[in-house]
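**Student:** Give me a 3D structure for the following:
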Amino acid sequence: MRERLTKTQVQKRLRDYFNYKRLYGEMKDRCRHIKNELKKAKEEIGQLKGKVGELKDQLNEMAEQKKAKKAWFRQNYSLSNHEKQNDGTAQKRSPGRTPKEEKLENVQEESRVYPEGVAPETCVISHTRYVTHLKNGKKHVVLYHLYKAPWGNAPKLLGVMPRGEYGMEVAVIMAFLVYFIQISIDQARSILVFFTGIDLSRSQADSLLQQLGTLLEPELEKIIDLLALAYLVHIDETGWKIGKQRLYAWIFTNLAHTVLLYGKSRGEETIEEVLSRAFEGTVVTDFFSAYEKYFKGQQKCWAHLLRTMIRLMLQHPDKKEYKVFFDQLHAIFVAGKKAQKNEALSEAQRQRKASMLQGKLRTLCARHGERIPTDACDDLRDFLNLQKRMIKYMDSLFTFVLHPEVEPTNNRAEQGFRKTSKARNNYQTSKTERGARRRSVLASVLTSLRQNLPEFSLETVVAEVSEWRISGQSLFDHQLQVAHARASPA
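**Tutor:** Next comes the predicted model:
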């Protein structure tokens, strides 16, 4: 006879059973979590191994380049240098700071500066500063006598670079020439001395640019925040070196703002610096794979597709298939542009028009499913790959029909990169990460100011930057406040 269990024993066994079941569930969830963590760790290890491989390839390539170069003796073996070394004279040293006596001789104006709201007769002299300004297009040296209250500090010189000996306008001119016109620092110095008489040494020019970059650094972050709230952004990237390291320059732009980033990787981490995955607008891009799964709303650049077919058609006039294909592809594009400009179309009509154009494009790309032979000629390979690309990105080719404010090409970003490409081709890339960051800040702020100021000139830019220092709020601060007010619910 099996022993009958008491009620207490039954309740204890039930409790033990349910406790075991709960513990089993917890351990199962924990095992699942550990498996997911292991999977992520393996993926990260794979990515790191890939980066290590890339770095090894770069090192091997640099080593090969070093091997190929002939030995180069850097010493100066000229007769004049030999005579200088043996004439008993000491080597020339840097002159250092300009002596105060010499500065005093160059002074063209004196000015006394008192703290705001303090009676001048109660103030005492704090210090003096010699500042080189630009007045009527020429060098103008001012001796400032700065006074302070017995209990306070001397006022700031708002039109002067912080702790510098040059006016804000001199720094803005240098930044405009180097990072907007994209010429070298030495060329910019030559232009400055020729037209204004202000002769900057290379170290002074570099210091001025660094000070201005530090001053405007917060403005770049505000422009990035404004782009993150935008409806439409054009993106493109191109090669840009830092020293020997092969990196990229990026542009994020629309009608109102531009961000230029230099010396960045070509991965998603650079995109994420400006636009997160939560970005709700539309991006216009080329067919670089990093964009494919990152953004929801996309418009792929039609100019890339049409240019490829124009090249194939002109390089191979004997292949009539290319001309026929281009004519039909161009007709589809023109029909899309016509629908985009038709303001009378409703949303439903635009949807139908986009679907119809997609159908025509699928019919046109009849060879997209063909396997490319290993021995295929280059033009056939390009032709078939173009058709495969259009089918793959079909959903991103007619966004401009659905949303008329979206442009069908990425010409806006490509045009913004023309001067960058010219500077790169002239070997004016960045030597250090700090230089690349400075270029990013000054190029972005100046370009965005050009897009926003009613008149883009030296006077308006200096006035705008000086106003930021007085009020503590920039033009981009006001724009962000308006954008957030519009985005927040009433």
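**Student:** so how far is residue 194 from the residue lying closest to residue 446 once chain neighbours are set aside?
**Tutor:** Computed as CB to CB, 6 or more residues apart in numbering, the closest residue to residue 446 that is not its neighbour in sequence is residue 180, at 5.0 Å. Just so you know, the C-beta spots here come from the backbone N, C-alpha and C atoms, and that holds for glycine as well. For residue 180, the distance to residue 194 (CB to CB, to the nearest Å) stands at 19 Å.
**Student:** neighbour-wise, which of the two wins?
**Tutor:** Higher neighbour count among residue 180 and residue 194: residue 180, with 17 against 9, using other CB atoms under 10 Å.
**Student:** Contact partners for that one?
**Tutor:** Shown in contact with residue 180 (CB atoms under 8 Å, 6 or more residues apart in numbering): 419, 443, 446-447, 450.
**Student:** Just among the residues you listed, which is most surrounded?
**Tutor:** residue 443 (26 neighbours).
**Student:** tell me the pLDDT at it?
**Tutor:** On the pLDDT scale, residue 443 is placed at 95.
**Student:** now do the same end-to-end measure for stretch 159-179.
**Tutor:** For stretch 159-179, the first-to-last residue distance is 21 Å (CA to CA, to the nearest Å).
**Student:** thinking again about what came up before, how much space separates the residue nearest to residue 446 from residue 391?
**Tutor:** Distance, residue 180 to residue 391, using CB to CB: 41 Å.
**Student:** what sits against residue 443?
**Tutor:** 179-180, 260, 262.
**Student:** can you map out the strands along the stretch 51-200 of the chain?
**Tutor:** 109-113, 124-135, 138-148 (DSSP state E, counting those that start in this stretch).
**Student:** between those, which gets nearest to residue 222?
**Tutor:** Closest to residue 222 of these, according to CB to CB: strand 124-135, at 27.7 Å.
**Student:** Report the angle between that closest one and strand 109-113.
**Tutor:** Calculated by axes from the mean of the first three to the mean of the last three CA atoms, to 10 degrees, strand 124-135 forms an angle of 130 degrees with strand 109-113.
**Student:** helices and strands around strand 124-135, which ones?
**Tutor:** Judged by 3 or more CB pairs under 8 Å, 6 or more residues apart in numbering; DSSP states H and E, strand 124-135 is in contact with helix 100-106, strand 138-148, helix 168-175.
**Student:** if we look at it, which residues are touching it?
**Tutor:** 100, 103, 106-107, 139-150, 153-154, 157, 159-160, 164-167, 169-170, 173, 196, 198.
**Student:** Buried only: go through those for me.
**Tutor:** Neighbour-count burial within those applies to 103, 139-144, 146-149, 154, 157, 159-160, 164-167, 169-170, 173, 196, 198; the criterion is 16 or more other CB atoms under 10 Å.
**Student:** Now do the closest residue to residue 414 other than its chain neighbours against residue 129, distance only.
**Tutor:** Of all residues not flanking residue 414 in the chain, residue 236 sits nearest, at 5.9 Å (CB to CB, 6+ apart). Counting by CB to CB, the separation of residue 236 from residue 129 is 44 Å.
**Student:** which of those two has more neighbours?
**Tutor:** residue 236 (23 against 19).
**Student:** Wait, that one touches residue 418, no?
**Tutor:** No: under the criterion of CB atoms under 8 Å, residue 236 is not in contact with residue 418, lying 11.1 Å apart.
**Student:** Need the single longest helix in the protein, by residues.
**Tutor:** helix 7-68 (DSSP state H).
**Student:** chain center to that helix, what's the gap?
**Tutor:** Its chain's C-alpha centre and that of helix 7-68 lie 35 Å apart, by CA atoms, centre = their mean, to the nearest Å.
**Student:** from now on call the first residue 27
**Tutor:** With 27 as the first residue, the last one maps to helix 33-94.
**Student:** Averaged pLDDT, that helix. What do you get?
**Tutor:** In this model, helix 33-94 has an average pLDDT of 79.
**Student:** Does anything pack onto that helix? Which helices or strands?
**Tutor:** The contact analysis (3+ CB pairs under 8 Å, 6+ apart) places helix 33-94 against no helix or strand.
**Student:** For residue 262, give its distance to residue 280.
**Tutor:** Distance, residue 262 to residue 280, by CB to CB: 13 Å.
**Student:** go on, residue 233?
**Tutor:** Noted for residue 233: a distance of 34 Å to residue 280, by CB to CB.
**Student:** of the two, who's got more company?
**Tutor:** The residue with more neighbours, out of residue 233 and residue 280, is residue 280; 20 against 17, by other CB under 10 Å.
**Student:** wait, doesn't the more buried one sit right on residue 261?
**Tutor:** No: applying CB under 8 Å, one finds residue 280 not in contact with residue 261, separated by 10.2 Å.
**Student:** just to revisit the earlier point, among the strands of the stretch 77-226 of the chain, which comes closest to residue 354?
**Tutor:** Nearest of the strands of the stretch 77-226 of the chain (CB to CB): strand 150-161, 58.7 Å.
**Student:** where in the stretch 127-276 of the chain is pLDDT low?
**Tutor:** Across the stretch 127-276 of the chain, residues meeting the criterion (pLDDT under 70) sit at 127-130.
**Student:** hang on, the earlier thing: quick one, which of the helices and strands packed on strand 150-161 is nearest to residue 60?
**Tutor:** Closest of the helices and strands packed on strand 150-161 to residue 60 is helix 194-201, at 53.2 Å (criterion: CB to CB).
**Student:** So what touches that closest one?
**Tutor:** With contacts defined as CB under 8 Å, 6+ apart, helix 194-201 is touched by 158-160, 185-187, 190, 211, 214, 218, 224, 226, 231, 234-235, 237-238, 468, 472, 484, 487-488, 491-492.
**Student:** Please indicate which of those residues are buried?
**Tutor:** Among the contacts of helix 194-201, those classed as buried by 16+ other CB under 10 Å are 158-160, 185-187, 190, 211, 214, 218, 224, 226, 231, 234-235, 237-238, 468, 472, 487-488, 491.
**Student:** Among those, name the ones in helices.
**Tutor:** If you go by DSSP H, those have 211, 214, 218, 231, 234-235, 237-238, 468, 472, 487-488, 491 in helices.
**Student:** how about TSV for these, with distance to residue 244 added?
**Tutor:** Formatted as TSV, those follow (distance: CB to CB, whole Å):
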residue	distance to residue 244
211	24
214	25
218	27
231	23
234	19
235	17
237	14
238	13
468	13
472	15
487	17
488	18
491	12
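**Student:** who touches residue 303 in this structure?
**Tutor:** Contacts for residue 303 (CB under 8 Å, 6+ apart) come out as residue 320.
**Student:** three-state assignment of it?
**Tutor:** coil (DSSP: H, G, I helix; E, B strand; the rest coil).
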